[in-house]
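>>> structure, please.
(chains A, B and C)
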Amino acid sequence: MINPYLIHPATIVEKIQEAEDIHTYRLRLNDEDARRNFRFTAGQFNMVYLFGVGEVAISIVSDPDEPERLDHTIRAVGRVTSAIGQLRAGDTVGIRGPFGQGWPLEDAHGHDIVIATGGLGCAPVVGAIEYIFRRRREYGSVKIIHGVKTPRDLLYHERFETWRRQPDTEVLLASDRPDETWRYHVGVVTELFERVPINAAKTLVLMCGPEIMMRLGVPILMGRGIPATAVYVSLERHMECGIGLCGHCQMGPYFLCKDGPVMRYDRVEPWLGRTGV
Amino acid sequence: MGVFKFASCDGCQLSILNLEDDLLALGQALDIAYFPEASSRMEAGPYDIALVEGSITTAEDAHRIRSVREQAIVLMTIGACATAGGIQALRNWADVESFKQVVYPSPQYIQSLSTSTPISGHVRVDFELWGCPIDKGQLLRIITDLLAGVRPRLSADSVCIECKRRGNVCVMVAKGIPCLGPVTRTGCGAICPSMGRDCYGCFGPTEGARTGPGMPPNTASLAHQFHQGLQLIPIEVVRRFRGINGDTESFKRESESWEKKM
Amino acid sequence: MAPETRGILPLADLQRLLDTLHIRGYRIAGPTVRDGAVMWETISQISDLPIGWRDHQEPGRYRLEQTGSAEIFGVVHGPQSLKPFAFAPREPLLQIKRAQGGFSAHPELPEPEKVAVIGARACDLAGLAIQDQIFLNSSYQDPYYAVRREELFVIAVNCTRALPTCFCASMDTGPRAKNGFDLALTEIDNQLVLEAGSEAGSDLLSALSLPLASHNVIGEAAARVEACARSQVRRLDHTRLPQALYDAYEHPRWDDVAARCLACANCTMVCPTCFCHTVEETPDLTGQQTEHARLWDSCFTQEHGYIHGKNVRPTIKDRYRMWITHKLASWIDQFGTSGCVGCGRCITWCPVGIDLTEELPALLASDGRQSAKSTSGNT
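Take a look at the predicted model:
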């Protein structure tokens, strides 16, 4: 019997700074067999472990076609992630995974893609965006919509600029509390949902961010003709086991660690409107 | 590390000495530079970690705690007195002057504040360790975390969870004993219920300072059950909540509401 | 199992069954009186069992009474279901040691142990079946649970007396043990009717070479179990679930029950099916070794709904709603069955006596708020 709790040591090959407290850790499994057999899809996550501290669920943002290199973007905010933030290249962490359901990127070939995010960074979609741009010709137009409270919250500033230069790609930014340097939309991100040019019949939406953004934003897109079944959201709950057994990550009838974290909107729509579930 | 004492019984400091073998490991892992209870070697600060036992009951101590804070990078309270004012916080509901007159032949020499207050009422506290006395496993765990550069975290679950994991029979349900376990935070290993007696709340309220409207601890429901179900009269309910951690916000609110019914 | 395979054993000869299990290498766990309740302990003699004792259970109250009779299985149950036998309250998962180039993790599987548990009730079997489904038949198998479960030999006792807190009949899980046991006993007039439910059970039954139970005795035993079902005063009407409970999300009754609920988690700890667990990491002071262990957890704790800096279920109302909605509704979507087996433990062992058979109809009632005290227990 496979022991799904077994943690595999992995070396931090490189630590790349993304923002003050956000780094991308490039990991390489130490064990050769484990490294060779590791396969994942974009949007899946690993449980990343730090010796003596514990585990935390982190999405894999690197390319699934290069599974020996596993990038995880981690913001030092909680107990485990803050301790990981003190590590350097050459240090060891642990990995269990990959777990969960990722983005339906292979099914999305030929579609226009709208990627809508809000808040502080959104690692799960960063992986999806990179995936799409590496296979640019397989997809239609790409619209990246991102909302922040204040310009200071805009992370990955350089990435947005890089993405903006990609063919047939538009980046739309919004801030509802801008300063005088803000050159983009002023207001909440969902206002951009109303004006972004879309071809509803062939668009797939990938969304990640606060649940309130999904709850208010998706109906706007649906009002413009995009069916709920073409909208995918990445959801967050406390995750400990990653395998649907520990009970923490429930949202309604779903265990987000195994049924999600990426869920089709129509399946979770009844639960998104509810606080305290 | 420095260990500092304020108004207290020294029991929490003794818990450090009672670490036995682990104390040697602790001494190797860090330099115990100031611990008058254990050693006459007393080195001046600054300290990486200051453990503070006891509450503030005199003007002089209110001044001294500021100096400890200034010398410490991490200040951690150890025990109910330092964290919540302790049993001596019962004076907060009483007339300290009359106590002095009754107890001391020359009360004019007694310099004491009219209240006993937790360390957090005077200076910033980085971490609080509950209990009367503290649990040595929790102490070691926190020091281990601090040495490893990890933010310490202790469970705020109810004592009941630990009781059930240990296979204890609930003293309240099976014996009708008014137990504070449902509203008290874990950490002790459910010692009292394991010995067939009630929890008296020495680790303080569940979820500690992070409470709010509609959040645990639900002292009102438990107090109601003590009164209605277990036939405690209001003064007995007051006494249940007004103990070692009686001056914590939730326990205090509960005891004062039952005082009105007396 | 056909009636002709049923054996009859005088109560006084129960020792033969225990001895046979011992000879076959089983540690026997049975109900014993401890600290005012029956608890599972290792037993070797009939006298270890709660002879003559009966339990009285009502919301928030449990008492034992010695009746002086020779009855062995007169106590229906204590706070423990079969849950701790396979899903241990604390299970070390890994020992992790510092090593060259980081660390190495070593699984710490429990030692296989042959355990025969005697005295499980039909509700307990139903609970165990649900836990088996979760830990053994989900997308991932739990190897720790599997080791403990592998050699568990279950001897069930059919209930002939219902507690006021029992509602297994309405959940269709009891009081007769239908499956999931190796042997089932029915205690009737100083004798035990034995029925095998598995190959291992049949094997043991043949080894005892018991006289066959007469049709009269078998009929009488069945009649008493049926009478027990009819005597149950509590019931849970789950016909409109799960949807009706999903629809009750905003019902004012949640505020009412939240005012009473302590969020102490006792209900989830005694529940035979609750499976939430958390992982505890315990490093030693030298930083050379750390233990990665799992512990029973509960949806009533602060940490359960915690995600970086906030709690998705901060209030007692959120947590109680999570528990009941999962137990009685979303469990059906997840596992095709209710998460409730009708044992009534959450009613008895709630320190303030919250009764889900009273809460559910109140939550599903369309006429809004009902007083907590105005409805009787069997509504």
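>>> can we go C-alpha only for contacts and neighbour counts from here?
Fine.
>>> show me the contacts for the residue of the stretch 101-250 of chain C found nearest chain A.
The nearest approach of the stretch 101-250 of chain C to chain A comes at C:G102, 5.1 Å away (CA to the nearest CA). Each residue near C:G102 by CA atoms under 8 Å, 6 or more residues apart in numbering or on different chains is listed here: A:9, A:91-93.
>>> what is the least confident helix or strand in chain A?
Scoring the helices and strands of chain A by mean pLDDT, DSSP states H and E places helix A:157-164 at the bottom, with a mean of 88.
>>> with just CA atoms, put that helix into CSV.
This file holds the C-alpha atoms of helix A:157-164, laid out as CSV (Å, rounded to 0.1, in the frame of the first residue of the first chain):
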residue,chain,number,x,y,z
HIS,A,157,4.5,44.2,-11.6
GLU,A,158,7.2,43.1,-14.1
ARG,A,159,5.3,40.0,-15.0
PHE,A,160,2.2,42.0,-15.9
GLU,A,161,4.4,44.1,-18.2
THR,A,162,5.9,41.0,-19.8
TRP,A,163,2.5,39.5,-20.3
ARG,A,164,1.2,42.7,-21.8
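>>> helix/strand/coil for C:L295?
Secondary structure, DSSP: H, G, I helix; E, B strand; the rest coil: C:L295 is strand.
>>> who's in contact with it?
Here C:L295 is in contact with C:88-91, C:277-280 (CA under 8 Å, 6+ apart).
>>> need these in TSV with neighbour count, pLDDT and distance to chain A, can you?
Below are these laid out as TSV (neighbours: other CA atoms under 10 Å in any protein chain shown; pLDDT from 0 to 100; distance: CA to the nearest CA, whole Å):
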residue	neighbour count	pLDDT	distance to chain A
C:A88	16	98	13
C:P89	19	98	13
C:R90	17	97	13
C:E91	19	98	12
C:H277	22	98	5
C:T278	20	97	7
C:V279	21	96	7
C:E280	18	94	8
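>>> what about those residues, which are in strands?
Among the contacts of C:L295, DSSP state E puts C:90-91, C:277-280 in strands.
>>> now do the helices in chain C.
C:14-23, C:83-86, C:122-136, C:143-150, C:168-171, C:199-208, C:215-230, C:243-247, C:253-260, C:266-270, C:316-325, C:331-335, C:345-348, C:356-364 (DSSP state H).
>>> now chain A
A:32-37, A:79-85, A:123-134, A:157-164, A:190-195, A:211-223, A:265-272.
>>> for the last one, packing partners?
It stands for helix A:265-272. helix A:211-223, strand A:231-234 (3 or more CA pairs under 8 Å, 6 or more residues apart in numbering or on different chains; DSSP states H and E).
>>> if we go to 10 Å?
In terms of contacts (3 or more CA pairs under 10 Å, 6 or more residues apart in numbering or on different chains; DSSP states H and E), helix A:265-272 is packed against strand A:203-208, helix A:211-223, strand A:231-234, strand A:250-251, strand A:254-255.
>>> redo the contacts of C:G102 as JSON lines? Include distance to chain B.
Formatted as JSON lines, the contacts of C:G102 follow (distance: CA to the nearest CA, whole Å):
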{"residue": "A:P9", "distance to chain B": "19"}
{"residue": "A:D91", "distance to chain B": "14"}
{"residue": "A:T92", "distance to chain B": "15"}
{"residue": "A:V93", "distance to chain B": "15"}
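>>> switch the residues you listed over to a markdown table; also include pLDDT, distance to A:D176 and neighbour count.
Formatted as a markdown table, the contacts of C:G102 follow (pLDDT from 0 to 100; distance: CA to CA, whole Å; neighbours: other CA atoms under 10 Å in any protein chain shown):
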| residue | pLDDT | distance to A:D176 | neighbour count |
| --- | --- | --- | --- |
| A:P9 | 97 | 43 | 26 |
| A:D91 | 96 | 40 | 16 |
| A:T92 | 97 | 41 | 24 |
| A:V93 | 97 | 38 | 23 |
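>>> quick check, B:G2 in contact with B:Y34.
Yes: using CA atoms under 10 Å, B:G2 is in contact with B:Y34, at 4.4 Å.
>>> shared neighbours of the two, which are they?
Here B:G2 and B:Y34 have B:42-45, B:47, B:50 as joint contacts, going by CA atoms under 10 Å, 6 or more residues apart in numbering or on different chains.
>>> quick one on the thing from earlier: looking at the helices of chain A, spot the one closest to B:I191.
B:I191 sits nearest to helix A:79-85 of all these, at 28.5 Å, using CA to CA.
>>> can I get that closest one as PDB, trimmed to CA atoms?
Extracted as PDB, the C-alpha positions of helix A:79-85 are listed here (Å, rounded to 0.1, in the frame of the first residue of the first chain):
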ATOM      1  CA  ARG A  79       3.600  30.000  10.800                       C
ATOM      2  CA  VAL A  80       5.000  27.500   8.200                       C
ATOM      3  CA  THR A  81       5.300  30.000   5.300                       C
ATOM      4  CA  SER A  82       7.200  32.500   7.500                       C
ATOM      5  CA  ALA A  83       9.600  29.800   8.600                       C
ATOM      6  CA  ILE A  84      10.100  28.700   4.900                       C
ATOM      7  CA  GLY A  85      10.700  32.400   4.100                       C
END
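>>> hmm, that helix in reach of chain C?
Yes: Helix A:79-85 reaches chain C (CA under 10 Å from any CA of the partner chain) through A:79, A:81.
>>> hmm, that helix touching chain B?
Yes: judged by CA under 10 Å from any CA, helix A:79-85 and chain B are in contact via A:79-84.
>>> can you show me the strands along the stretch 51-200 of chain A?
For the stretch 51-200 of chain A, the strands defined by DSSP state E, counting those that start in this stretch occupy A:54-59, A:70-75, A:92-99, A:112-118, A:142-148, A:169-175, A:185-186.
>>> centroid-nearest residue for chain B?
The geometric centre of chain B, computed from its C-alpha atoms, lies nearest to B:A80 (CA atoms, centre = their mean), at 1.3 Å.
>>> circling back to that earlier point, which helices and strands sit right next to the least confident helix or strand of chain A?
strand A:8-19, helix A:123-134, strand A:142-148, strand A:169-175.
>>> comparing those by mean pLDDT, which bottoms out?
With a mean of 90, helix A:123-134 has the lowest mean pLDDT of those.
>>> could you give the angle of it to strand A:142-148?
Angle of helix A:123-134 versus strand A:142-148, following axes from the mean of the first three to the mean of the last three CA atoms, to 10 degrees, is 150 degrees.
>>> is helix A:123-134 anywhere near chain C?
No: counting by CA under 10 Å from any CA, chain C has no neighbours in helix A:123-134; the shortest distance is 14.6 Å.
>>> packing partners of that helix?
strand A:54-59, strand A:70-75, strand A:112-118, strand A:142-148, helix A:157-164, strand A:203-208, strand A:231-234.
>>> run the last query once more with 8 Å
Checking 3+ CA pairs under 8 Å, 6+ apart, helix A:123-134 ends up next to strand A:203-208.
>>> list the neighbouring strands of the strand it packs on plus their orientation.
Sheet pairing of strand A:203-208 (DSSP bridges) gives strand A:112-118 (parallel), strand A:231-234 (parallel).
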